[in-house]
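> just the structure for this:
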Amino acid sequence: MERVYNFSAGPSILPQEVLEKAQKELLSYADSGMSVMELSHRSKLFTEVIEKAEQDLRELMAIPDNYQVLFLQGGATLQFSMVPLNLMRNGKAGFVNTGSWSKKAIQEAEKFGMVEVIASSEDRGFHYIPNLDEVEIDSGYDYIHITTNNTIEGTAFSDIPDTGDVPLVADMSSNILSEAIDVSKFGIIYAGAQKNIGPAGLTIVIIREDLIGHAKADCPIMLDYKTHHESNSLYNTPPTFGIYMASLVFEWLKNLGGIKEMERRNREKAQLLYDYLDESDFFTTPVEKASRSLMNIPFVTPSKELDASFIEEAKAVGLETLKGHRSVGGMRASIYNAMPVEGVELLVDVMRKFAEKNQNSAVEVEKGR
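Down below sits the predicted model:
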């Protein structure tokens with residue numbers, strides 16, 4: 001069966017080369033006679049897999065030596081609890097509210113201490129990233145939390161805020177590895193794997209060493225970063241297949257030329273779609289230009305009926321999972337690292353033809369308002 005262009009926000013598209021290599025090694029990994037899914041997590045073969053995954057990620061992101069890389073489970077959502085359980089020593093944290101996932105992180109952190117929203121974009125429907133330059137950071141905060149890319153709303157931080165001595169914690173689930181970042185600006189970076197890293201089930205945590213070992217005595221052992229640091233992410237059986245797939249993705253990225261090359265490709269893809277949206281009088285995006293995401297691009301036609309018709313026509317030519325999140329409707333193109341530029345080119349071509357064909361319907365909708 002021919003592959004489609006999968007624009008899903010997650011679980012999302014994976015590089016074809018990675019899938020083909022995993023397929024080739026599925027029945028017998030490294031001539032072991034066993035699938036990687038059957039290997040003991042304490043075997044020599046799997047030790048090589050997890051160590052290579054960490055080393056390649058360190059190289060790709062230029063992770064400083066005083067940061068630890070942890071391979072965990074529970075998705076980014078579990079980190080909404082794990083971060084405050086480990087970092088809330090004074091019982092107060094600051095959050096920037098930029099959308100649905102920020103709100104969930106806030107709600108969870110409130111169970112463990114005082115949460116103050118230091119900036120929010122809710123006043124304009126989360127269509128922009130608030131300017132933090134004039135926000136005074138209270139030195140009493142245990143940490144400041146941001147969501148660097150908002151998958152549902154289609155916004156992203158273009159500049160990382162300076163929080164001084166207060167650790168900056170980032171949910172980077174939907175834009176990790178998509179562009180170059182300075183890891184040293186963060187106390188913790190966490191990311192669910194199912195966008196740019198691999199299959200669902202694996203969570204990556206990059207944590208500065210001085211933030212490990214401060215969980216309260218009653219913190220569950222599996223939610224204590226120290227547990228996973230001291231056991232090299234092998235306290236219990238980790239998501240072995242997810243780690244193996246992540247390792248293949250990291251290798252693929254390195255072979256492409258690393259994150260700088262990936263960022264160049266991502267900017268090219270995003271520019272193709274944004275340029276068309278800016279010139280179109282049929283399709284529009286609600287996101288303010290300065291806050292646009294490279295990874296998730298929401299857009300709409302003049303009516304819900306036309307939205308539904310477009311989604312069906314796109315699906316018919318192999319453009320899958322373009323329906324927007326249920327909370328906002330419309331369409332959303334998630335163009336993660338593995339989406340080839342040809343997928344975006346085809347999407348723009350289909351959008352252009354659909355707009356030309358339905359221009360009269362759009363005029364009628366406008367007259368009826």
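> only C-alpha atoms from now on, for both contacts and neighbour counts.
Fine.
> which parts of stretch 131-140 are buried?
Using 16 or more other Cα atoms under 10 Å as the test for burial, stretch 131-140 gives L132, I137, D138.
> what's the closest of these to Y336?
Using Cα to Cα, L132 is the member of these that sits closest to Y336, with 26.7 Å.
> for my notes, confirm the closest one occurs in a strand.
No: read with DSSP: H, G, I helix; E, B strand; the rest coil, L132 is coil and lies in no strand.
> wait, it touches P161, no?
Yes: using Cα atoms under 8 Å, L132 is in contact with P161, at 6.6 Å.
> how many neighbours does the closest residue to I152 other than its chain neighbours have?
Nearest non-adjacent residue to I152, counting by Cα to Cα, 6 or more residues apart in numbering: H325, 6.2 Å away. By other Cα atoms under 10 Å, 15 other residues sit near H325.
> and the one 3 residues further on, by the same measure?
Burial of V328 is recorded as 11 neighbouring residues (other Cα under 10 Å).
> can you report phi and psi for I207?
Torsion angles at I207 (phi, psi; degrees, to the nearest 10) stand at phi -130, psi 140.
> can you check the pLDDT for it?
At I207, the model reports a pLDDT of 98.
> Y276 and V350 touch, don't they?
No: in this structure, Y276 is not within contact of V350 by Cα under 8 Å, at 11.4 Å.
> residue ranges of the helices in the chain, please?
Applying DSSP state H to the chain gives helices spanning 16-25, 44-61, 75-87, 100-109, 225-230, 240-256, 259-279, 304-316, 341-357, 359-367.
> format these as CSV; extra columns: distance to V117.
Compiled in CSV, these are given as follows (distance: least, Cα to Cα, whole Å):
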stretch, distance to V117
helix 16-25, 41
helix 44-61, 29
helix 75-87, 15
helix 100-109, 8
helix 225-230, 25
helix 240-256, 34
helix 259-279, 30
helix 304-316, 34
helix 341-357, 36
helix 359-367, 39
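> quick one: closest of the ones you listed to Y5.
helix 341-357 (5.8 Å).
> what does the closest one rub up against?
5, 265, 268-269, 272-273, 276, 282-283, 310, 314, 319, 335 (Cα atoms under 8 Å, 6 or more residues apart in numbering).
> between the buried residues of stretch 131-140, which is closest to G113?
Closest approach to G113 among the buried residues of stretch 131-140 (Cα to Cα): D138, at 15.4 Å.
> pLDDT at the closest one, what is it?
Note for D138: predicted pLDDT of 91.
> roughly how far does it sit from V169?
For D138, the distance to V169 equals 15 Å [Cα to Cα, to the nearest Å].
> got it, and Q73?
For Q73, the distance to V169 equals 18 Å [Cα to Cα].
> for R42, same thing?
R42 sits 31 Å away from V169, going by Cα to Cα.
> with T77 instead?
14 Å.
> cool, and N266?
24 Å.
> what do you get for T155?
Note on T155: its distance to V169, by Cα to Cα, is 18 Å.
> and these two? Which one has more around it.
T155 (30 against 23).
> just checking, the more buried one touches T147?
No: contact criterion Cα under 8 Å: T155 and T147 do not qualify, at 9.7 Å.
> in CSV: the helices of the chain, plus mean pLDDT and distance to Y128.
Below are the helices of the chain laid out as CSV (pLDDT from 0 to 100; distance: least, Cα to Cα, whole Å):
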stretch, mean pLDDT, distance to Y128
helix 16-25, 97, 34
helix 44-61, 98, 27
helix 75-87, 98, 22
helix 100-109, 98, 13
helix 225-230, 98, 33
helix 240-256, 98, 30
helix 259-279, 98, 16
helix 304-316, 97, 23
helix 341-357, 98, 23
helix 359-367, 65, 26
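> wait, which of the ones you listed is closest to G198?
Here helix 240-256 is closest among the helices of the chain (Cα to Cα), at 5.0 Å.
> quick one: contacts of the closest one?
With Cα under 8 Å, 6+ apart as the test, helix 240-256 has contacts from 15, 17-18, 22, 36-37, 41, 46, 49-50, 52-54, 56-57, 60, 71, 193, 197-202, 259, 262.
> same check on stretch 177-184?
60-64, 196, 259-260, 262-263, 266, 295, 336-337.
> how near is E116 to V166?
As defined by Cα to Cα, E116 lies at a distance of 14 Å from V166.
> neighbour-wise, which of the two wins?
Higher neighbour count among E116 and V166: V166, with 19 against 16, using other Cα under 10 Å.
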